[in-house]
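[1] 3D, please:
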Amino acid sequence: MMAEALVLGLVLAGLLLGVYCLRPSISCKQKVQVGLPFARMVYNDESGGKMLVAPRYDLQGKPDYIFKTLWRGCYIPFEIKSGVAKEDVPHEGDLMQLLAYFLLVEAVYGKRPPYGKLVYSNKTFKVRNTYRHRWLVKITLRDMHRMLEGNYTTHETKNYIKCRNCICQYTVCECEEED
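    Okay, the predicted model is just below:
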């Protein structure tokens, strides 16, 4: 009798895990590889997810995925990048994007994410949602809003080599071509 109950329990657990693993876009194997085996997807940009809005920060965006962990109910934003990480730190722009998603997730779901993930083709970075990161993204957002309003001047040395691939080139700052 006890053995039958144990077998039945294992079969039910296997069925539940099998149903749980039937998710679009990210398979169970991929979830394990990126470190979220026990989470369910609550948001997916691929299937036309709605724009997330944080009016307090005048911010909106669409992360690639948001997962909700099963045990703690934490929301984890995920950003998938097609490029490679050449160093042991994520690209600065990608990091700022994920940090902005922390604010969006908190505004929309009412719960502060403990961390998020940046996934490159060769590496996955787990980025903690620290007070320093929150301060950094808020300062950056403030500066961006000031730039859009025309009330901000750059403090960077303008250099053609550094600025030639910048998205702000010839918009909010002018770079000087080298002779």
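
[2] Could you use CA atoms for every contact and neighbour count after this?
    Will do.

[3] Buried residues of stretch 110-120, list them for me.
    By neighbour count with 16 or more other C-alpha atoms under 10 Å, stretch 110-120 contains the buried residues 112-113, 115-120.

[4] Out of the residues you listed, flag the one nearest to Leu95.
    Leu95 lies nearest to Leu118 out of the buried residues of stretch 110-120, by C-alpha to C-alpha, at 7.7 Å.

[5] contacting residues for that closest one?
    Contact analysis of Leu118 by C-alpha atoms under 8 Å, 6 or more residues apart in numbering lists 78-81, 90, 94-95, 98, 124-127.

[6] PyMOL command to pick out the buried ones of the residues you listed?
    Buried residues among the contacts of Leu118 (16+ other C-alpha under 10 Å), as a PyMOL selection:
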select buried, resi 78+79+90+95+98+124+125+127
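
[7] Please list all residues in contact with the nearest residue to Lys50 once chain neighbours are set aside.
    Computed as C-alpha to C-alpha, 6 or more residues apart in numbering, the closest residue to Lys50 that is not its neighbour in sequence is Lys62, at 7.3 Å. For Lys62, the contacting residues are 45, 49-52, 101, by C-alpha under 8 Å, 6+ apart.
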